[in-house]
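Novice: just coords:
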Ligand SMILES: *Cc1c(COP(=O)(O)O)cnc(C)c1O
């Protein structure tokens, strides 16, 4: 094995996915598996399909293209509002997308008419998080412009996202407001709009509490399945595993060193001035993984007694003094040993996009 590596435990992710899908199913909600957390890796899409998810969603078209080309047959959804420069590919690589600009929807419709394709659109609504989406008040003047689509685009419902840009949490009330936007749009367009889609992981809590309006029927989810956490509500999800994804790095040097630098200190390579407490001589391990690979303040050592000290582009320095005392007398950390870390969401994203980190499914 090459290091650093990010390891995906297939069974654990599958179990998490099945648990979330079962919870959703109980409330008539179809789960869509979001693949962007692992850069659209088709092996993750396969796991979602095996868990019975209704479709695969990603924020990047090139990830959907990769997934389709790997032979995944499930419906594919683009979740990031499309760029005008990518609409041909949008129609080609996705079946459904979230859109918030009338002119873009019309342009998609024109492409559909030209190439003889159909494409489903969910109107993206801004329920207060202030990232993308129509504000509810924007809908009445906008909807008439969607009345003369040539037929390639079908407006199938509404969607929203919580806690992404501003941390606005989902509530039964803002979910109900989303449902009323669907009703308003469906009346204005005179068409059925069956889908009410919410995301992401934070929505699970409302579903668990049996508080989601019954009209909500689609959940787009990533973080909870992969990491077992819900950052927005700051919790570990009790029925999901938190150790399905781990990062492993290799020790390249192990040495007793003072805990305070010697000499006058300026700024380190990243423009910061680190402060170190004097804890005497400590055993430090140097790992072949650095800031170029991972957000070092978004990973947690899994081995007890390992503490992150600092890092540069290519090295992570950890204090292993306490870890060593927990090992057998001859079993201290040494070069060639590996240490494991649990990533938070940003660290997982960074590792999955770094070409220096191998993504391993076990
Ligand atoms: C990332 C994303 C999700 C999934 O969010 P998680 O909190 O990671 O589950 C859902 N919808 C949209 C639009 C997203 O961008």
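Specialist: Ah, there it is. Keep in mind the model is a prediction, meaning the values are calculated, not measured.

Novice: check which helix or strand residue 63 maps to.
Specialist: If you go by DSSP states H and E, residue 63 is part of helix 61-69.

Novice: do the strand ranked longest in the chain and the ligand meet at all?
Specialist: Longest strand in the chain by number of residues (criterion: DSSP state E): strand 245-258. No: legend: contact between strand 245-258 and the ligand by C-beta under 6 Å from any ligand atom is lacking; minimum distance shown is 12.8 Å. (Each C-beta comes from the backbone N, C-alpha and C, glycine too.)

Novice: ok, stretch 199-209 next?
Specialist: Yes: using C-beta under 6 Å from any ligand atom, stretch 199-209 reaches the ligand at 199, 200, 201.

Novice: what about that stretch, how long is it end to end?
Specialist: 16 Å (C-alpha to C-alpha, to the nearest Å).

Novice: show the subsequent helix or strand relative to the longest strand of the chain.
Specialist: strand 281-287.

Novice: residues from the protein in reach of the ligand?
Specialist: So far as C-beta under 6 Å from any ligand atom goes, the chain lies against the ligand at 34, 36, 59, 79, 161, 199-201, 220-224.

Novice: among those, which lie within strands?
Specialist: Of the residues of the chain next to the ligand, the ones assigned to strands by DSSP E are 34, 161, 199, 220, 221.

Novice: secondary structure class of residue 145, three-state.
Specialist: Secondary structure for residue 145, judged by DSSP: H, G, I helix; E, B strand; the rest coil, is helix.

Novice: any idea how far it is from the ligand?
Specialist: For residue 145, the distance to the ligand equals 23 Å [C-beta to the nearest ligand atom, to the nearest Å].

Novice: and that residue, what's its pLDDT?
Specialist: Per-residue pLDDT puts residue 145 at 95.

Novice: and the residue of the stretch 101-250 of the chain closest to the ligand?
Specialist: Per C-beta to the nearest ligand atom, residue 200 is where the stretch 101-250 of the chain lies closest to the ligand, at 2.1 Å.

Novice: typo on my end, it should be the stretch 251-362 of the chain
Specialist: residue 345 (6.7 Å).

Novice: residue at max distance from the center of the chain?
Specialist: Distance from the C-alpha centroid of the chain peaks at residue 263, with 42.8 Å (C-alpha atoms, centre = their mean).

Novice: the lowest-mean-pLDDT helix or strand in the chain packs against which elements?
Specialist: The helix or strand of the chain with the poorest confidence is helix 321-325; it has a mean of 84 (mean pLDDT, DSSP states H and E). Helix 321-325 makes packing contacts with strand 281-287 when contacts are defined by 3 or more C-beta pairs under 8 Å, 6 or more residues apart in numbering; DSSP states H and E.

Novice: mind giving me the packing neighbours of the strand it packs on?
Specialist: strand 245-258, strand 316-319, helix 321-325.

Novice: those: lowest mean pLDDT?
Specialist: Minimum mean pLDDT among the helices and strands packed on strand 281-287: helix 321-325, a mean of 84.

Novice: give me the contact list for that one.
Specialist: The contact list for helix 321-325 (C-beta atoms under 8 Å, 6 or more residues apart in numbering) reads 282, 283, 303, 304, 305, 306, 307, 331, 332, 333.

Novice: could you rerun that using 6 Å?
Specialist: 282, 283, 303, 305, 306, 332 (C-beta atoms under 6 Å, 6 or more residues apart in numbering).
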